[in-house]
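**Student:** pasting a predicted model and its sequence here:
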Amino acid sequence: MDSNVYRAKPGKTIDWKHWDPDDKSQFDGDKDDGRAALPALNRRLEELQELLYAENKHKVLIVLQGMDTAGKDGTIRHVFEGVNPQGVRVASFKAPTPIELAHDYLWRVHQQTPASGQMTIFNRSHYEDVLVVRVHNLVPPEVWGRRYDQINAFERLLAEEGTTILKFFLHISKDEQKQRLQDRLDDREKRWKFSTGDLAERKLWDNYMAAYGAVLEKTSTDHAPWYIVPANRKWYRDLVISHTIISTLEGLHMRYPECEPGLDEIVIE
Ligand code: AMP
Ligand code: MG
């Protein structure tokens with residue numbers, strides 16, 4: 001699998017016609033094969049995360065964004081299955097509290113960034129401040145308009161201080177969202193996830209896609225790339241994200257720390 005095909009090129013305008021949420025071209029197999037391939041990737045991620053923790057050098061930040069029902073929660077469940085909870089944390093960003101609103105929008109975000117040896121998953125992120133905020137005019141255009149540069153500068157700071165950043169846009173179609181919202185309504189155990197507010201947001205689909213287009217064009221950088229993940233098929237979404245994280249972590253060439261000298265001679269009495 002080559003997930004580079006899903007990488008948004010810095011500065012390149014996104015034409016949604018060319019991004020197919022049903023694409024599965026990077027995997028040779030069907031849903032059953034795809035589901036069967038995931039456990040081995042889970043084990044590999046578990047090993048790499050253990051190494052990340054042991055080496056205690058790199059920090060890893062994974063950003064998940066997508067429309068309602070795009071599968072942010074499902075991705076966290078499936079891709080990180082089996083990793084050691086000591087080294088991985090999820091930070092979810094909801095509508096800001098009054099205290100958060102009294103600060104700059106990156107204040108709450110910076111506090112949640114990973115420490116050395118840690119992996120942090122952002123379930124939504126500072127990108128909401130140029131998505132929902134832009135679509136609903138929660139601040140004037142000149143204020144959100146400055147934020148792309150501010151976000152790039154913030155992420156550059158994190159990267160220069162040792163953070164590996166991967167950002168995933170979970171790309172579903174409007175029809176797929178309809179189906180998933182309907183499933184939430186129909187299934188008593190999923191109903192708690194249904195919010196009538198999601199229907200109001202759905203009406204703004206095109207505005208959100210335009211706002212996502214701007215994000216992907218302006219904030220996909222070499223130090224913090226965006227991946228546009230075809231996400232209509234959950235199994236394929238999981239494979240792409242899992243694979244991308246694993247190959248990025250492998251590229252860090254991490255090593256277990258040197259142990260104390262003379263351990264071979266030790267006899268424990
Ligand atoms: P959920 O992810 O379904 O729990 O929903 C979280 C909600 O919080 C979404 O509707 C987001 O758009 C909203 N949210 C997250 N960050 C912000 C923000 N900075 N400003 C306004 N709303 C936000
Ligand atoms: Mg929701």
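**Tutor:** That came in fine, so what should we check first? Keep in mind that what you see is a predicted model, and the values were worked out from it rather than measured. Ligands and ions are numbered 1, 2, ... in the order given.
**Student:** for stretch 22-32, C-alpha coordinates in CSV please.
**Tutor:** The C-alpha trace of stretch 22-32 is given here as CSV (Å, rounded to 0.1, in the frame of the first residue of the first chain):
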residue,chain,number,x,y,z
ASP,A,22,-15.0,5.0,-2.3
ASP,A,23,-11.5,4.5,-3.6
LYS,A,24,-9.8,1.2,-2.5
SER,A,25,-7.1,1.1,-5.1
GLN,A,26,-4.2,0.6,-2.7
PHE,A,27,-5.5,-2.7,-1.4
ASP,A,28,-5.7,-5.9,-3.4
GLY,A,29,-8.7,-7.6,-1.8
ASP,A,30,-12.2,-7.3,-0.5
LYS,A,31,-13.7,-6.4,2.8
ASP,A,32,-13.0,-9.8,4.4
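**Student:** which residues are in contact with A200?
**Tutor:** Going by C-beta atoms under 8 Å, 6 or more residues apart in numbering, A200 touches no other residue. No exception for glycine: its C-beta is placed from N, CA and C like everyone else's.
**Student:** quick check: which element contains it?
**Tutor:** Taking DSSP states H and E as the criterion, the element that holds A200 is helix 196-203.
**Student:** give me the neighbour count for F122.
**Tutor:** By other C-beta atoms under 10 Å, the residues close to F122 number 25.
**Student:** ditto for Q118
**Tutor:** The local packing count at Q118 equals 20, with neighbours defined by other C-beta under 10 Å.
**Student:** ranges for the strands of the stretch 151-269 of the chain?
**Tutor:** In the stretch 151-269 of the chain, the segments counted as strands under DSSP state E, counting those that start in this stretch are 163-171, 226-230.
**Student:** how much space separates the closest residue to W16 other than its chain neighbours from V135?
**Tutor:** Residue nearest to W16 in three dimensions, not counting chain neighbours: M209, with 6.1 Å by C-beta to C-beta, 6 or more residues apart in numbering. M209 sits at a distance of 10 Å from V135 (criterion: C-beta to C-beta, to the nearest Å).
**Student:** so which of the two has more stuff around it?
**Tutor:** When M209 is set against V135 and neighbours are counted by other C-beta under 10 Å, the residue ahead is V135, at 17 against 14.
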